[in-house]
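Trainee: please find the sequence and the predicted model below.
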Amino acid sequence: MERFPVTRASTSRYDSIDYGNLRFGRYFSDHMFQMDFENGSWGTPQIVPYAPMAIEPANLTFHYGQTVFEGLKAYLHPTGAVSMFRPGKNLERMTRSCRRLCIPDFPEDQVLEGMKQVIDLDRKFIPTEEGHSLYIRPFAFAMDNLLGVQESTRYRLLVITSPVAAYYPEGIKPVKLDVPGDYIRCARGGTGTAKTAANYAASLLPAKLARQAGYTQVLWLDADEHRYIEEVGTMNIFFVIGDEVVTPALSSGTILEGITRMTAIELLKDWGYTVHERRITIDEVCEAQSAGQLKEVFGTGTAAVISPVGEIHYMNQTMTINNFAIGEVGQRLYDEITGIQYGTREDTRGWNVMI
Ligand SMILES: *Cc1c(COP(=O)(O)O)cnc(C)c1O
């Protein structure tokens, strides 16, 4: 693959980073990947300094939200090697998000190559501490400047990176979820399967209300009947009921297809678990809990990998799950996935892409 042209940063941001207190997504590395779409095609990719950009006030993205994003990580192995985890899956999902938002298809192979180049160039930004990583944020947005709801004719695709700490500095801590009575995440036919800004803007108020009531995040139910479980803020959700693992099916067309979700399902099946991707109601979860059959609940997502759920609040019921501890299935998935990502367990499935 060709090397893309690089404009080097004249000063480094490295010394301004507090590596002892890396709050998520607050610091950025020196360079970013950039590719612009104009006159009907994507131009030559380049690597440029991470810096403020001139954007006109009438940029369509501000007004109508024609934008998509992705999130993945680069991991430092004990050998000094650096890898990304299944980045092709993120690029495929970004293409699907782009199509939903009328953003033109981009060359996935060039963006993959660009990510590798940026990570390699800014290698020193990858934190060395255990469980830390370099978060990678590809995103694309409209660049036309006009007021009027319409597709842009120009776009920009960027990849920025951010050194991040382990999600759980004091060990894995179960989260508390609230099922909102008044809000939904998305309806069938909407944008729920796309990683697009509007979905997250719409979630801010319900998430804030849940936090004010003492919960970590929201557990979304479907928009039609308000019975079927969909997912959590930025995580998919799994239930261990008896000996079976259940996760909401993607066929509703309202759930973001997580790569951690996909990975967890593949591993669980390999390990001989019975995994059902099907519709599951909140009532079924409450009944399983009453019958003593609800063994574990956990979320899956790139940021935390596995996030055990210790409590679910629905209407006037509060369920405490597995005595507020991570369960056996969640722990096994966490150990295996992070082991592969950090190169301490064998990657037999070819999931790691080396930089
Ligand atoms: C990103 C995201 C997920 C998790 O996806 P991963 O690829 O596993 O990180 C789940 N739900 C929503 C709404 C998301 O935005």
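Mentor: Perfect, I can see it now.

Trainee: can you tell me which residues contact residue 86?
Mentor: Contact partners of residue 86, counting by C-beta atoms under 8 Å, 6 or more residues apart in numbering, are 72, 259, 263, 351, 353. C-beta: built from backbone N, CA, C; applies to glycine.

Trainee: give me that answer again for 6 Å
Mentor: 259, 351 (C-beta atoms under 6 Å, 6 or more residues apart in numbering).

Trainee: cool, the one 5 residues further on as well?
Mentor: Taking C-beta under 6 Å, 6+ apart as the contact definition, residue 91 lies against 108, 111.

Trainee: residue 158: neighbour count?
Mentor: Residue 158: 19 surrounding residues under other C-beta atoms under 10 Å.

Trainee: partner strands of the helix or strand containing it, parallel or antiparallel?
Mentor: For residue 158, the element it lies in under DSSP states H and E is strand 155-164. Within its sheet, and counting by DSSP bridges, strand 155-164 is paired with strand 31-38 (antiparallel), strand 133-142 (antiparallel).

Trainee: pLDDT on that strand, on average?
Mentor: Averaged across strand 155-164, pLDDT comes to 98.

Trainee: can you list the strands that the next helix-or-strand element following that strand pairs with?
Mentor: Sequence-wise, the next helix or strand downstream of strand 155-164 (DSSP H and E) is strand 175-178. Partner strands and pairing direction for strand 175-178 (DSSP bridges) are strand 217-221 (parallel), strand 305-314 (parallel).

Trainee: and stretch 255-275, anywhere near the ligand?
Mentor: Yes: Stretch 255-275 is in contact with the ligand by C-beta under 6 Å from any ligand atom, via 256, 258-261.

Trainee: a markdown table please, covering the residues you listed and showing pLDDT.
Mentor: Shown next, in a markdown table, are those (pLDDT from 0 to 100):
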| residue | pLDDT |
| --- | --- |
| 256 | 98 |
| 258 | 98 |
| 259 | 98 |
| 260 | 98 |
| 261 | 98 |
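
Trainee: any of these buried? List them.
Mentor: For the residues of stretch 255-275 next to the ligand, a burial check counting by 16 or more other C-beta atoms under 10 Å picks out 256, 258-261.

Trainee: among those residues, which pair sits farthest apart?
Mentor: The span of those, defined through C-beta to C-beta, is set by 256 and 260 at 10.9 Å.

Trainee: up against the ligand, what does the protein have?
Mentor: 71, 195, 231, 234-236, 256, 258-261, 300-302.

Trainee: looks to me like residue 97 is in a strand.
Mentor: No: under DSSP: H, G, I helix; E, B strand; the rest coil, residue 97 sits outside any strand and is assigned helix.

Trainee: report pLDDT for it.
Mentor: We have a pLDDT of 98 for residue 97.

Trainee: what mean pLDDT does the longest helix along the chain have?
Mentor: The helix that spans the most residues within the chain, counting by DSSP state H, is helix 197-212. Average pLDDT, helix 197-212: 96.

Trainee: the residue lying closest to residue 186 once chain neighbours are set aside - how many residues pack around it?
Mentor: Excluding the flanking residues, the one nearest residue 186 by C-beta to C-beta, 6 or more residues apart in numbering is residue 192, at 3.3 Å. A total of 22 residues lie near residue 192 under the criterion other C-beta under 10 Å.

Trainee: surely residue 192 touches residue 200?
Mentor: No: using C-beta atoms under 6 Å, residue 192 is not in contact with residue 200, being 11.4 Å away.

Trainee: need the strands paired with strand 175-178 in JSON lines with distance to residue 65 and mean neighbour count, can you?
Mentor: Output for these, formatted as JSON lines (distance: least, C-beta to C-beta, whole Å; neighbours: other C-beta atoms under 10 Å):
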{"stretch": "strand 217-221", "distance to residue 65": "20", "mean neighbour count": "24"}
{"stretch": "strand 305-314", "distance to residue 65": "27", "mean neighbour count": "23"}
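
Trainee: could you dump those into TSV with mean pLDDT added?
Mentor: Shown next, in TSV, are the strands paired with strand 175-178 (pLDDT from 0 to 100):
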stretch	mean pLDDT
strand 217-221	97
strand 305-314	96
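
Trainee: what's the closest of these to residue 49?
Mentor: Short answer: strand 305-314, nearest of the strands paired with strand 175-178 by C-beta to C-beta, at 31.4 Å.

Trainee: and the helix or strand following the closest one, which strands flank it?
Mentor: Past strand 305-314, further along toward the C-terminus, the next helix or strand under DSSP H and E is strand 317-320. Here strand 317-320 has these sheet partners by DSSP bridges: strand 305-314 (antiparallel).

Trainee: can you give me the offset of the strand it pairs with from its chain's centre?
Mentor: Offset of strand 305-314 from its chain centre (C-alpha atoms, centre = their mean, to the nearest Å): 17 Å.

Trainee: now stretch 286-296
Mentor: Counting by C-alpha atoms, centre = their mean, stretch 286-296 is centred 28 Å from the centre of its parent chain.

Trainee: change the start of the numbering to 738 and stick with it
Mentor: Got it, first residue is 738 now, which makes that one stretch 1023-1033.

Trainee: let's see that stretch as CSV, backbone CA atoms only.
Mentor: Only the C-alpha atoms of stretch 1023-1033 are listed here, as CSV (Å, rounded to 0.1, in the frame of the first residue of the first chain):
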residue,chain,number,x,y,z
CYS,A,1023,-38.1,-9.7,35.8
GLU,A,1024,-39.7,-13.2,35.9
ALA,A,1025,-36.3,-14.9,35.4
GLN,A,1026,-35.1,-12.9,38.4
SER,A,1027,-38.1,-13.8,40.6
ALA,A,1028,-37.5,-17.5,39.7
GLY,A,1029,-33.8,-17.3,40.6
GLN,A,1030,-32.8,-18.0,37.0
LEU,A,1031,-31.2,-14.6,36.1
LYS,A,1032,-27.6,-15.4,36.6
GLU,A,1033,-25.8,-12.5,34.9
